[in-house]
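Peer 1: I'll drop the sequence and a predicted model, then ask my questions.
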Amino acid sequence: MSEVDILSAVTPALPPDEPEFQQKEMLLNVGPAHPAMHGIIRILAKLEGELVVESDVEIGYLHRAFEKSCEESTWNQAIIYTDRLNYVSAAINNIGYCMAVEKLLGIELPPRGQYIRVLMSEISRIGDHLTCVGASAMELGGFTVFLYMIKGREYCWELIEEYCGARVTTAAARVGGMPYDLPEGFLDKCLWVIKEVREILRECDILLTNNRIFVERMENVGVMSAERAIAWGWTGPCLRGSGVAYDVRKDFPYLVYDQLDWEVPVGRRGDNLDRYLVRMEEMEQSCRIIEQCVAKMPGGPINCSDKTVVLPDKKDTYGNIEGLMNHFKLIMYGHGIRVPAGECYFPVEAANGELGFYIVSHPDEHSKDGCNDRAWRVRCRPPCLNMVASLPETINNYMIADIVPTFGSVNMIGGELDR
Amino acid sequence: MSKFPEHIAIEKSHPTAVLDWHEQFGDRTLIIEAKQIVDVMTILRDAFGYNMLVDLTAVDYLPRRPRFEMVYHLMNVDSHTRLRVKVQLEESHPRIATLIPLYPIADWLEREVWDLFGIKFEGHTNMKRLMLYEEFEGHPLRKDYPKTKRQPLIGPQN
């Protein structure tokens, strides 16, 4: 028997109208626990071959009733819950929450407290961006970059640890002030860390920005136009990657950001590469901000002088009756910080974008003075929710392998997404 | 206090839409009648350039009446102006029209409000819970939902 005969015997003849390859759609479940999913999230993708034609995103695996917990605890107790929102840059959450409550109280920090807050925010931001870029690079095969960047993040977190004693759960702010003054030699260490971070950025820039594998997987993938990004409520590096120069620090200045010299990097195409480049440049800008903070760091008190808000010094608490009473009045159940009825929204620029707190103070039935020692409602506007909600738009019509860099550039953080 | 320009423009075409307005800590707030929310939001988006729905949430003011309040935070990304729009809703069958045709992000934010507050959105095609699982009973951010209440987690039915 010849070769041709064998083939015709094994393969059944196709009906003339049937295409040779059947194209069937396939449902692929990515997550909830998948190594390339940075948190716990489930993407249900409908595939045609390797092409994602439709997708659905499911979240909520890390929901722990953040907003309900804040309503049940006093103004200062809620700070520890804010640590768990964006756990990579927790200090920004602490500061954002405290500033929202301070807006309700109508108080402002003295300059040194404000500079310390800016310093903490920018150290956290560098740590967050290093994590995001490093993890994205690792998922595309650049493990060296991941190690270098995590080394840099560790330097940043060591600074935070030196300030408040914790790397991740920082609780690095209080309503009306900061928990501690800067430790000795802290500013010099900041400068040393900036030097190291800049060296890491330079090395990683060489490894990634002109790396053909990296660039070809990032360029023109996950494209989002400026108009659609705004409609989806994108903020932060992702919106700036799409070419909109919106930064809360510039456009609604808080703390001392308007007294510092720095720039807002913007992308053009709104693809993954632009979001990566924006993050890289933002780290450099954060380094500049930290440098200026170190140079300009004023002396003086770190807390506002309002005794009905800020705890007295420990030497007063233990040393005299007025200090002791003051301490008790702020700590005792049913007393605490008395925030008058009202509502406010306060946004800060977190590492992922606009982190807003909408806080309502409303007297309950036990209140005698029209104030309350706890929030009636704390709403956190999580910056990464918008990017995750619009994922179908950024991953549909790309290859299945493109989900990984696109999802990496979104920098989803389960803590703030699911709250 | 003088009226906001947005208020004057809305009053021209919808004289009964704005129920009240105030400014607190620099946040400008309009309180809108529930039935006209989509019309008002369309005017705000198209005539005033409020192109970003920054946030959408609700507040439960139990035992006050009306009990619920929807809170929308809008921003004009070009001129960096912000506006808060609030709508008051009654306790029985709280419902309001969806904003998905205007802002796609309203999809998830409205699902979250349905999930945690039990406010329904008319015209929303996918009114599923966002954070919690489908078998969850009740809406935990309501003030009459006790913090210590426990629910049995119902596993997948195989």
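Peer 2: Structure received.
Peer 1: what residues does stretch A:263-281 touch?
Peer 2: A:129, A:132-133, A:136, A:201, A:204-205, A:208-209, A:215, A:217-226, A:229, A:237-238, A:240-245, A:247, A:250, A:282, A:285, A:405-406, A:408-409 (Cβ atoms under 8 Å, 6 or more residues apart in numbering or on different chains). In short, each C-beta sits where N, CA and C put it, glycine included.
Peer 1: could you point out which element follows the least confident helix or strand in chain B by mean pLDDT?
Peer 2: The helix or strand of chain B with the poorest confidence is helix B:5-13; it has a mean of 83 (mean pLDDT, DSSP states H and E). Downstream of helix B:5-13, the next assigned helix or strand under DSSP states H and E is strand B:18-24.
Peer 1: as a whole number, average confidence for that next one?
Peer 2: Averaged over strand B:18-24, pLDDT sits at 87.
Peer 1: so does that strand get close to chain A?
Peer 2: Yes - under the criterion of Cβ under 8 Å from any Cβ of the partner chain, chain A is reached by strand B:18-24 at B:Gln24.
Peer 1: what is that strand packed up against?
Peer 2: The contact analysis (3 or more Cβ pairs under 8 Å, 6 or more residues apart in numbering or on different chains; DSSP states H and E) places strand B:18-24 against strand A:342-350, helix B:5-13, strand B:27-32.
Peer 1: Throw the ones you listed into JSON lines and include distance to B:Thr148 and mean neighbour count, thanks.
Peer 2: What follows is these, written out as JSON lines (distance: least, Cβ to Cβ, whole Å; neighbours: other Cβ atoms under 10 Å in any protein chain shown):
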{"stretch": "strand A:342-350", "distance to B:Thr148": "27", "mean neighbour count": "24"}
{"stretch": "helix B:5-13", "distance to B:Thr148": "43", "mean neighbour count": "15"}
{"stretch": "strand B:27-32", "distance to B:Thr148": "34", "mean neighbour count": "19"}
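Peer 1: want to throw the ones you listed into JSON lines with distance to B:Phe121?
Peer 2: Below are these laid out as JSON lines (distance: least, Cβ to Cβ, whole Å):
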{"stretch": "strand A:342-350", "distance to B:Phe121": "22"}
{"stretch": "helix B:5-13", "distance to B:Phe121": "22"}
{"stretch": "strand B:27-32", "distance to B:Phe121": "16"}
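Peer 1: return the helix or strand in chain A with minimum mean pLDDT.
Peer 2: For chain A, judged by mean pLDDT, DSSP H and E, that is helix A:3-10, with a mean of 52.
Peer 1: contacts for whichever helix or strand comes after that helix, please.
Peer 2: Downstream of helix A:3-10, the first helix or strand assigned by DSSP H and E is strand A:25-30. The contact list for strand A:25-30 (Cβ under 8 Å, 6+ apart) reads A:Ala36, A:Met37, A:Arg42, A:Ile43, A:Leu44, A:Ala45, A:Lys46, A:Leu47, A:Glu48, A:Val53, A:Ile400, A:Ile403.
Peer 1: same thing but at 7 Å, please
Peer 2: Contacting residues not belonging to strand A:25-30 are listed as A:Met37, A:Arg42, A:Ile43, A:Leu44, A:Ala45, A:Lys46, A:Leu47, A:Glu48, A:Ile400, A:Ile403 [Cβ atoms under 7 Å, 6 or more residues apart in numbering or on different chains].
Peer 1: go through stretch A:264-284 and flag the buried ones.
Peer 2: Neighbour counts over stretch A:264-284 (16 or more other Cβ atoms under 10 Å in any protein chain shown) mark A:264-267, A:269-284 as buried.
Peer 1: output the below-cut-off pLDDT ranges for the chain.
Peer 2: Since you didn't name a chain, this refers to chain A. Filtered on pLDDT under 70, chain A yields the residue ranges A:1-23, A:35-37.
Peer 1: look at chain B instead
Peer 2: Along chain B, the model assigns pLDDT under 70 to residues B:153-158.
Peer 1: redo that, cut-off 80
Peer 2: In the predicted model of chain B, residues B:1, B:150-158 satisfy pLDDT under 80.
Peer 1: how near is the most centrally placed residue in it to chain A?
Peer 2: Central residue check for chain B by Cα atoms, centre = their mean: the C-alpha nearest the mean position is that of B:Met70, 3.4 Å away. Using Cβ to the nearest Cβ, to the nearest Å, B:Met70 is found at 12 Å from chain A.
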